[in-house]
Structure formats: structure tokens, C-alpha cells
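Participant: The following block contains a protein sequence and its predicted model.
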Amino acid sequence: MLRCASLSKTYHSGGHRLTVLKDITFHVEPGSFVAIVGPSGSGKTTLLGLLAGLDRPSAGTVHLDGEELGALDEERLTRLRGQKIGFVFQSFQLIPTLTAVENVQVPLELRGEPAAARATELLERVGLGGRGHHYPAQLSGGEQQRVALARAFSTRPKVLLADEPTGNLDARTGATIIELMTELNRDLGTTLVLVTHDHDLAALARRTIRLADGAIVADSAA
Ligand SMILES: Nc1ncnc2c1ncn2[C@@H]1O[C@H](COP(=O)(O)OP(=O)(O)OP(=O)(O)O)[C@@H](O)[C@H]1O
Ligand SMILES: [Mg+2]
């Protein structure tokens, strides 16, 4: 489902070169549930961005469902993302001028699918049934996180990539979200790749990939 080979990422800024990912190679089977863990700054968010085609690697390749992301222009990449990937950013990235329910509808509307009923249902699932008409600024961090999750789930993506999806949630809300993600993984066969510091969440994953200083230092499936 997802395959990356010899992936590297180097940033150039202020005359300095900073290599944040080095020679990353792994393969994620369809329907699997993988946790990516590692200390702050180890390259987790950078890796997730490369897997989603939101950013381009300095070297190496990413294949999503058989297609090499590096070979696609921006338009085709955007279309592929819309068809196959749900993405939850560490910083949510909701659209501030749209209400919660409108934010959840965006990916469905981009595909020309009926959106209103599903968006309302998803907000109920994440415990925000009564808050659909609120704007992101009127929601707490954890509530925004839940809207971002509902948005990522809206299109029933083949792959859900999520950057610390329970990072801003209390234990009980976090448990609801974890339940929703494992249900999706089990019932729809959605491939889950999650970056997490949450031990409960990492324990549910069938595989853990550990990064340190931009390299894979442990892979429980290897
Ligand atoms: N655009 C950029 N330009 C230069 N350096 C960057 C850029 N983006 C990220 N970095 C650096 O890359 C390294 C890895 O960052 P990344 O965000 O992937 O870490 P992370 O593992 O997600 O950390 P955290 O757990 O704190 O979210 C960090 O040292 C960061 O400062
Ligand atoms: Mg990060």
C-alpha cells in the first residue's frame, strides 16, 4: 500500500545543510496499523509529509498503491491524495472561515459527493454533534483535533496518515478516537500510519517503527 525506498530529506537554510531523514526504507501492507514513534525532532512529521506527497524527498521514492509520487505533477498528486489519503496534521489546519461541519464536508465536496449527512454523522461520532455550526476559533484544541479527524475520515480513505491524533485530547476522548480509528482499520481495511507519543495507541498498533536522528533504529516487523 505504501512503500518508501532510500528516502532522504535535507533542508538548506542560512548556509547550513540539515539532513533530517536518512535512507529510510520500509513497506506498509494494505490494512495494517503502524505506529511511528521517536523523540521530538527525530523526523516523524517530515516522514509523514513525504508519505502523503505533501513534500518531496531529497532522494529516494515513495509508492502509494502502486504509483510513484515523485513521478506525478502537483495536479495529479492532489487528485491521488483526495482519492486515497486522509491526513491529520499535528496542527489540525482547519479552515478558519468555515464551520466545523463545513470543514468536514470539504474533501467530499471536492469529490462531488453528497456531504452534509455524512459530515453531521462523523461529528456525532467524535462527540461534537451539537457543535457543527461553530468556527475553529470557537473550539478548544482537542475539539479542533476531533474535527480534523472527522474530516480525514470523511472520504473513507484507503490510507489514514495522522500526526499525533490524540496529542491534544484527554484520556477519555482519546480512547473514543482510538476506537474510531481501530474500527476503521478493522471494518474498512483502512491502512493506518500514526505518529504518536501515546503508549495506549502505540500498543494497539501491530507494528512500531522507531526513528532517532532521522533513521529507523527499530522496526517490530523487521
Ligand atoms: N522546513 C524546515 N527547514 C529546516 N529544518 C526543518 C524544517 N522542517 C523541519 N525541520 C527540522 O527537521 C527535524 C525533524 O523535524 P520533524 O518535525 O520531522 O520532527 P518530529 O519528529 O515530528 O518532532 P516532534 O515530535 O517535536 O513533532 C527537526 O530538527 C526540525 O527542526
Ligand atoms: Mg512532529
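Facilitator: Yep, that arrived. Ligands and ions are numbered 1, 2, ... in the order given.

Participant: Check the model's average confidence along stretch 148-163 for me.
Facilitator: Across stretch 148-163, pLDDT averages out at 92.

Participant: list the buried ones in it?
Facilitator: 148-155, 157-163 (16 or more other C-beta atoms under 10 Å). (Glycine included, C-beta is placed from N, CA and C.)

Participant: Quick one: check it for contact with ligand 1.
Facilitator: No - residues of stretch 148-163 are not located near ligand 1 by C-beta under 6 Å from any ligand atom, the shortest gap being 7.2 Å.

Participant: what about that stretch, start to end distance?
Facilitator: 11 Å (C-alpha to C-alpha, to the nearest Å).

Participant: Give me the distance from that stretch to the chain's centre.
Facilitator: Put simply, stretch 148-163 sits 7 Å off its chain's centre (C-alpha atoms, centre = their mean, to the nearest Å).

Participant: Which residues of the protein lie near ligand 2?
Facilitator: Within the chain, the positions adjacent to ligand 2 are 44-45 by C-beta under 5 Å from the ion.

Participant: Contacts for the longest helix along the chain, please.
Facilitator: Looking across the chain with DSSP state H, the single longest helix is helix 171-187. With contacts defined as C-beta atoms under 8 Å, 6 or more residues apart in numbering, helix 171-187 is touched by 31, 33, 125-127, 142, 146, 149, 153, 156, 160, 162, 165-166, 169, 190-192, 194, 198, 200-201, 204.

Participant: do that again at 10 Å, thanks
Facilitator: Residues from elsewhere that reach helix 171-187 (C-beta atoms under 10 Å, 6 or more residues apart in numbering): 31-33, 86, 88, 122, 125-127, 142-143, 145-146, 149-150, 152-153, 156-157, 160, 162, 165-169, 190-192, 194, 196, 198, 200-201, 203-206.

Participant: right, is the helix or strand just after that helix up against ligand 1?
Facilitator: Downstream of helix 171-187, the next assigned helix or strand under DSSP states H and E is strand 191-195. No - using C-beta under 6 Å from any ligand atom, strand 191-195 never reaches ligand 1; the gap is at least 6.6 Å.
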